[in-house]
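**Q** Give the three-dimensional model of this entry:
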Amino acid sequence: MEKKVYTQKKEKVVDFLIGFLLIPFVMGASAGLAGMLNEIFAMVLSVLELVAAIYVSIKRKFIGIGFLFIAVVIPLVALGTCLVIIAGAGLWGTIFKR
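**A** Just a heads-up that it's a prediction; the model follows:
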């Protein structure tokens, strides 16, 4: 498989959406279905799918960017939001004591 050379912006957007939406959906659905059969099989399948996703990401840059965004950036933003909410609630309770 050769590296993809993007000629149009539409190709980049489609590849980003594949990495952002399709890869995590397929990985989650197949791991869930395999988890019903056998937990060890589900873990092995998840690792193989992750390796395949990384391989495809190397060959097609925007699929990799979409997958990286959903796997790293979104969880970090969610963690930061939770920490801000927890810190704000603690600060609010410290300032306004009864």
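
**Q** Show the pLDDT at residue 81.
**A** In this model, residue 81 is scored at 93, pLDDT.

**Q** Quick one: classify it as helix, strand or coil.
**A** helix (DSSP: H, G, I helix; E, B strand; the rest coil).

**Q** separation between it and residue 89?
**A** 13 Å (C-beta to C-beta, to the nearest Å). (Glycine included, C-beta is placed from N, CA and C.)

**Q** And residue 97, by the same measure?
**A** Separation of residue 97 from residue 89 (C-beta to C-beta): 14 Å.

**Q** before we move on, what about residue 25?
**A** 33 Å.

**Q** element containing the nearest residue to residue 56 once chain neighbours are set aside, please.
**A** Excluding the flanking residues, the one nearest residue 56 by C-beta to C-beta, 6 or more residues apart in numbering is residue 63, at 5.7 Å. Using DSSP states H and E, residue 63 maps to helix 61-68.

**Q** ok, now residue 41?
**A** Per DSSP H and E: residue 41 is located in helix 39-59.

**Q** got the buried residues for that helix?
**A** Residues of helix 39-59 classed as buried under the neighbour-count rule (16 or more other C-beta atoms under 10 Å) are 42, 45-46, 49, 53, 56-57.
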